[in-house]
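> how would this look folded up:
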Amino acid sequence: MNRLLIAGTGSGCGKTTITMALLAALKARGLGVSSFKCGPDYIDPMFHREAIGIPSYNLDPFFSEDDQLRSLFAVHGGKDISVMEGVMGFYDGIGIEGRCSTYDVARATETPVVLVINAKGMSTSLGAMLAGFKGFKENSRIQGVIFNGVASGMLPMLSAIAEKQGIRAYGCFPRMEELSVGSRNLGLITAGEIEDIRRIIAELGKLAEENLDIDGLLQLAASAADITVPSYGSVAVRKQVRIGVAMDKAFCFRYQDNLDLLEAMGAELVPFSPMTDSALPDDIHALYLCGGYPELHMDALSGNQSMRTSIKTKILSGLPTFAECGGFMYLHDDIDGVPMCGVISGSSVRKNRLQRFGYVTLTTGKDGLFGPAGSRIRAHEFHYFDSSNNGVDCSSEKASNGTVYACCHVTDSLFAGYPHLYFPANPQFAENFIRKAADYAASL
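Got it, this is the predicted structure:
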């Protein structure tokens, strides 16, 4: 299980670009590669997938205990090498203690770490930074460094600085503005929005071959210690059902593990586009409206009257439906005044700052689609929009400060709200979803 983790000193240091470049270079060498993203992010795994051609998975220590992290890694690990990309700074997490950080993923999976530093305008001070990161917590596993934003001519000097701290330099990566990925206040531009993404990734792979010690990184990955991988649970229910899953530019934020778990329970996932298809797929027994950027495609979504009517009619007739974040917004009467499905009475409105951002634990206040009252699952929120009707059927407790607030709409056939759920954190939610879909199929 050869593996390494590309971590950063903080957000914006270049770890995503370098991870993409490394994945592309490894893939170009013909290696069997898998990739992972630490934390709850959906966008970076899209870029990973573009680079290696297969799904990328999340490793999140808030959603999963150590045993499950190791099990998920083992299930999805690559034949030749697995590359994990960190989130934020290496030690950044929940609260001042930094709980559930990239460091915790490295610790749980016993993975060697390569730190990415934006080294522009720095020299000897890099030694202090490296010493601090390496020694801040016990057994940091930081064994390497990549210097971002500087020319390769700087490598001999910077390597010497790193070596004094017991850290090996694996290259300098130049700043290439024409290959950078844009951003917006909601986060990165998604891979699907970049027309020449394949060319960009190929160019990044060439830069990695030219500027990084790929052979050295492969040796580091091969030095990773063997880990004990526990068997983590088993599928408790299998029903042959068809679940319609929204998949297009407006709805693209979902955890691959959610889809995999539903398939393991017997579901056939039927992709459709609320933007371009005229109606829901035939003979589906449940509906999954995931998150995304519906606010960027409001004309197409609102203009597709037949799809909006199809969705509203089916949901009101009892079709089991899970709608999270962007999917929840789509079910409102309108988004910023633009008509949508009209299942949720109220408006989804843009705000000038993040709303209820961070990790939460949801507790259902009534029996419903995912189980009895009192059912709990860990989740994550990240949205600039808010609703005039967020719902009151769940309580949500923030992991960072313990604040509790009401949210979500829950009925026997509907679970809708802003939080993104991670089904492996409580597989019973997925099991009950499948059972409800099977009951619906039997009623037809």
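
> For the closest residue to E163 other than its chain neighbours, list each beta-bridge partner.
Leaving aside its sequence neighbours, E163 sits nearest to A169 (CB to CB, 6 or more residues apart in numbering; 7.5 Å). C-beta here means a position set from N, CA and C on the backbone, and glycine is covered the same way. When bridges are called by DSSP bridges, A169 pairs up with V145.

> Would you confirm that A169 contacts V145?
Yes: checked against CB atoms under 8 Å, the pair A169 and V145 is within contact range at 5.5 Å.

> Now do the helices in the stretch 151-300 of the chain.
Ranges of helices in the stretch 151-300 of the chain, per DSSP state H, counting those that start in this stretch, are 155-163, 197-211, 214-222, 256-264, 298-303.

> Tell me where the protein is predicted with low confidence.
Under the criterion pLDDT under 70, the flagged ranges of the chain are 176-195, 232-234.

> Could you identify the helix or strand that succeeds the lengthiest strand in it?
Ranked by number of residues, the top strand in the chain under DSSP state E is strand 344-364. Later in the chain than strand 344-364, the nearest helix or strand by DSSP states H and E is strand 376-387.

> Buried ones in that next one, by neighbour count?
Buried residues in strand 376-387, counting neighbours by 16 or more other CB atoms under 10 Å, are found at 376-385, 387.

> can you check stretch 389-399 too?
Here stretch 389-399 shows 390-391, 393-399 as buried, counting by 16+ other CB under 10 Å.

> So what touches it?
62, 94, 99-100, 332, 344-346, 356, 358-366, 368, 379, 381, 403-410, 416-419 (CB atoms under 8 Å, 6 or more residues apart in numbering).

> A169 and V145 - which one has more neighbours?
Legend: neighbour count by other CB atoms under 10 Å for A169 and V145, higher for V145 (29 against 24).

> can you pull the contacts of the more buried one?
Here V145 is in contact with 114-117, 130, 162, 167-170 (CB under 8 Å, 6+ apart).

> So among those, which ones count as buried?
Among the contacts of V145, the ones that count as buried by 16+ other CB under 10 Å are 114-117, 130, 162, 167, 169-170.

> A323 reaches P419, doesn't it?
No: counting by CB under 8 Å, A323 stays clear of P419, with 11.0 Å between them.

> which residues are common contacts for those two?
In terms of CB under 8 Å, 6+ apart, A323 and P419 are not both contacted by any residue.

> Pick out whichever of these two has more residues nearby.
The neighbour count for A323 versus P419, taken as other CB under 10 Å, is higher for A323 (29 against 26).

> Counting by contacts, list what the one helix or strand the more buried one maps to packs against.
For A323, the enclosing helix or strand under DSSP H and E is strand 321-324. Under the contact criterion of 3 or more CB pairs under 8 Å, 6 or more residues apart in numbering; DSSP states H and E, strand 321-324 touches strand 286-289, strand 414-417, strand 420-421.

> Next secondary structure after the shortest one?
Following strand 420-421 in sequence order, the next helix or strand is helix 427-443 (DSSP H and E).

> List the buried residues of that following helix.
427-441.

> Stretch 275-290 now?
Applying 16+ other CB under 10 Å to stretch 275-290 flags 275, 277, 280, 284-290 as buried.

> same thing with stretch 410-425?
Using 16+ other CB under 10 Å as the test for burial, stretch 410-425 gives 410-411, 413-425.

> Reformat the buried residues of strand 376-387 as a markdown table; add distance to L220.
Listed next are the buried residues of strand 376-387 as a markdown table, based on distance: CB to CB, whole Å:
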| residue | distance to L220 |
| --- | --- |
| R376 | 39 |
| I377 | 36 |
| R378 | 32 |
| A379 | 35 |
| H380 | 31 |
| E381 | 36 |
| F382 | 32 |
| H383 | 38 |
| Y384 | 39 |
| F385 | 42 |
| S387 | 47 |
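
> nearest to A250, of those residues?
Distances from A250 to these, taken as CB to CB, are shortest for F385 (13.4 Å).

> Would you mind measuring from the closest one to K351?
Counting by CB to CB, to the nearest Å, the separation of F385 from K351 is 7 Å.

> again with N432
N432 sits 33 Å away from K351, going by CB to CB.

> cool, and A300?
23 Å.

> Perfect, I'm done here.
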